[in-house]
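K.L.:
when you get a sec, could you give me coordinates for this:
(chains A and B)
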Amino acid sequence: MATTFKTFSNNDKTSTRTMLHEAIPLTGTIVSGTYNEENIKNYSHGMFQSVYDYPYLSSSANHILDITYGISKDSAYSSSTTVQQEKKLNIYNQMAQVLVGYDATGSIRLFDEDGNFAAGGATIDEAWFFNFSRLLTKDEIKKGSFEMTFLTGGAATDAVKGESGAELTIGDTGSANDYRVNSPAGEYGILYTKSSGSTGAFSDGYDGYPCGMIYYQAGIAVLTASIFNNLHVPSNVGAENWVGLDAGPAAVGSGSCQGLMTGSEISGGVEGVRDRIKNISFSNTTELNSTIHFCRANHNEFNYSANPTYLSASQIVVKDKAADSPVAYVTTIGLYAPDNELLAVAKLSEPIRKDPTTELTFRVRLDY
Amino acid sequence: MGFLDNSGDIILDAVLTDTGRYRLAKGDGSFKITKYAFGDDEINYEIYNKSHTSGSAYYDLKILQTPVLEAFTNNTSTMNSKLVSIPRTNLLFMPIMMLNTVKDYSQQVSGKDSYYVAVDSTTEDAVAYSNSKAKELTDATAGILGGARPADHDQVILIDQGLHTTKISQAFTLDPDLKEGQYIVQMDNRLGSLSDKNGSPLPVNYIDDDQIATYYVSGQYVQNLYDLVMSNTDQLNTPASTETPLDGPLGTQVQCKIRSSTTLQTSNYLFETLGGNKTITIGSAGGSYRYIDSSMKFTGVSTGYSIDVPVRFIKKT
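P.N.:
Numbering: from 1, shown residues only, chains lettered A, B, ... in the order given. So this is what the prediction gives:
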């Protein structure tokens, strides 16, 4: 009986799961607002700023990340905040609700510096949030791959032009094997400071200072405001090497960011931080679930064709006499439903010869 | 679609078709891959050179150099010619399907190489009947299918399957494993539906996302062509050219009619969207008609051979 279809057996299908990683480098020029700041989107509500890779009014623009900051009700800044106080509290609480969750009494937890709530310890009462677009993070950020570098000292605008001398790099060092799972938003790692400045001025003691968290599945980096505030610089780190934000982007590097967080609108503070970012890099992860179909053509199968050019006056054109071997060429593999509807199609990059002396197995992978 | 890069390793470019995505989105379990087939749409076997002076290794050199297009996602645009499994390797002839236009009730419109479907009774009366009540064959104009009243008209589309060669006598019957017992008929469901020779509607198997309806025609609707021909001719050893266009051993025959859709009968929307309006001469008389050019595809389930039949839907303005 002539036939054109072959049914898959149980041995012809298998499922696999593959983690695909892409390196995502974000240069500081994009984040600091190249394109005359046309790639920076402000909103009338003023609760965050969005960064695009191109002027956001263009249909070619891709959303990169949102930046904002918040203050907890327990913060020393709370009472002194004069601008957008409620919104800054709301931002903090919203992010804490989603990323940290609630305690036994139903109260919103504060961000804990080391993620160990049971042990108590320092909390992050003033936090900066970097919410990366799903376009970049895909399913999750790869653990141990996250890194942000801030420019320290001097004027921010000069620093972006490469005139700055020192840098502060933070990253989730060691998180590939050491991460936390006690967040309702998934897994997260602790962000640590580490030296990579061009001046080499940072002492060994500078390394390993916890300064935030990176939530891998949520794609959100949370930084303590302390790293922008030289009033909170650890004693083993020179204040001159810290990322200082004082009164805004025009005057950085010398004082406290308290004034900025309490006395400026969120957009103004975000502008100051954006100008201090030299680069951000991480690898994303895409979880590919695949079904692999093994399409087998045995020696006595698929040796003839229904192609109209295969016959001339009903005679097979690749044969002179009946004893010649039939030959056909595969360019396409169709995967069908039981009712013969074509559900998927795979194309070979070149025709493959099929005759009775050959057996072929094609491995067709469909990703979901 | 571009060509696939064939400069290095062999790669497979696999995509879901639009129907595949549609069924996946429905989530009703209809996305279930159970079988596969191989296609060779791009291959032109006429360039297989059996007399290449450099030997047999060069016979298919040009075929193997054929560039292959990227995958189409439209489910009806690909896998139009499939590879066929036949355990025997000593076949020299394979059956084809031909439009039977030699019977007086299956001819195409003269000089048009197409069938016309009169979509409403006004058009039927104008082009196919001498008066609105006539049902006699002699009143019909060749190639005009009565789309509004298919039961009242004898005109059919007739497909014959068999060998089209004079090298084997028609007295021989076609090998049973090459004889089609079931046909797949595909047509645009917006324009019409399939009927049997008596005008009764045939059940549609499924309608895809592009409104292409698929019918499986088998059983009583597929007849043994050898029996049909031989019952009408005494000449076993000469081609029965008044019965079938095929010159060799005969397989089966399928015939059908088309019932025009309600949309075409009651509205001009599809004519304005998909077709046009012009003066068409049918028989000896010309008139102004709206028209849509379409085609039907007949495919043999066993051999995979298929032919396209051009069909024009017309409506008197």
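
K.L.:
going forward, measure contacts and count neighbours with C-alpha atoms only.
P.N.:
Fine.

K.L.:
list the helices and strands the helix or strand hosting B:Asp308 packs on?
P.N.:
Assigned by DSSP states H and E, B:Asp308 belongs to strand B:306-316. Secondary-structure packing of strand B:306-316 (3 or more C-alpha pairs under 8 Å, 6 or more residues apart in numbering or on different chains; DSSP states H and E): strand B:96-99, strand B:115-118, helix B:121-127, strand B:285-300.

K.L.:
assign the closest residue to chain A within the stretch 151-300 of chain B to helix, strand or coil.
P.N.:
For the stretch 151-300 of chain B and chain A, the shortest gap (C-alpha to the nearest C-alpha) falls at B:Asp177, measuring 4.2 Å. For B:Asp177, the assignment made with DSSP: H, G, I helix; E, B strand; the rest coil gives helix.

K.L.:
can you give me phi and psi for residue 31?
P.N.:
As the question left the chain open, I've gone with chain A. Main-chain torsions, A:Val31, degrees, to the nearest 10: phi -70, psi -30.

K.L.:
my question was about chain B, not that one.
P.N.:
Main-chain torsions, B:Phe31, degrees, to the nearest 10: phi -90, psi 90.

K.L.:
show the pLDDT at it.
P.N.:
At B:Phe31, the model reports a pLDDT of 93.

K.L.:
how about A:Val318?
P.N.:
For A:Val318, the pLDDT comes out at 93.

K.L.:
grab the nearest non-local neighbour of residue 191.
P.N.:
Defaulting to chain A. What sits nearest to A:Leu191 in space, not counting adjacent residues and going by C-alpha to C-alpha, 6 or more residues apart in numbering or on different chains, is A:Asp172, at 4.5 Å.

K.L.:
my bad, chain B
P.N.:
Closest residue to B:Leu191 apart from its sequence neighbours, by C-alpha to C-alpha, 6+ apart: B:Ser261 at 5.3 Å.

K.L.:
mind checking how far the one you found is from B:Val127?
P.N.:
19 Å (C-alpha to C-alpha, to the nearest Å).

K.L.:
please say which of the two ends up with more neighbours.
P.N.:
B:Val127 (29 against 19; other C-alpha atoms under 10 Å in any protein chain shown).

K.L.:
quick check: the more buried one touching B:Ile280?
P.N.:
No. Using C-alpha atoms under 8 Å, B:Val127 makes no contact with B:Ile280, being 10.5 Å away.

K.L.:
okay, now the unreliable bits of chain A?
P.N.:
Chain A contains residues with pLDDT under 70 at A:153-166, A:194-208, A:229-256.

K.L.:
what's the domain layout of it?
P.N.:
Here the domain parsing of chain A from automatic domain parsing is A:19-286, A:298-367.

K.L.:
wait, which of these is closest to B:Ser302?
P.N.:
Of all these, domain A:298-367 sits nearest to B:Ser302, with 10.1 Å by C-alpha to C-alpha.

K.L.:
got the end-to-end distance for the closest one?
P.N.:
Note: domain A:298-367 ends 26 Å apart using C-alpha to C-alpha.

K.L.:
equivalent analysis for stretch B:101-117, please.
P.N.:
16 Å.

K.L.:
deepest-packed of the domains of chain A, please.
P.N.:
Of all these, domain A:298-367 carries the top mean neighbour count, a mean of 21, counting by mean count of other C-alpha atoms under 10 Å in any protein chain shown.

K.L.:
okay, and the beta partners of the residue nearest to A:Phe132 when sequence neighbours are not counted?
P.N.:
Nearest non-adjacent residue to A:Phe132, counting by C-alpha to C-alpha, 6+ apart: A:Leu65, 4.2 Å away. Residues in a beta bridge with A:Leu65, per DSSP bridges, are A:Val51, A:Phe132.

K.L.:
quick check: A:Leu65 vs chain B, distance?
P.N.:
30 Å (C-alpha to the nearest C-alpha, to the nearest Å).

K.L.:
roughly how far apart are the closest residue to A:Asn284 other than its chain neighbours and chain B?
P.N.:
Nearest residue to A:Asn284, sequence neighbours excluded (C-alpha to C-alpha, 6+ apart): A:Ile141, at 4.4 Å. Distance of A:Ile141 to chain B, given as C-alpha to the nearest C-alpha: 27 Å.

K.L.:
repeat that for A:Tyr209.
P.N.:
Between A:Tyr209 and chain B the computed distance is 48 Å (C-alpha to the nearest C-alpha).

K.L.:
ok, now A:Lys319?
P.N.:
As judged by C-alpha to the nearest C-alpha, A:Lys319 and chain B stand 7 Å apart.

K.L.:
name the residues of the stretch 151-300 of chain A found near chain B, please.
P.N.:
With C-alpha under 8 Å from any C-alpha of the partner chain as the criterion, the stretch 151-300 of chain A meets chain B at residues A:Cys295, A:Asn300.
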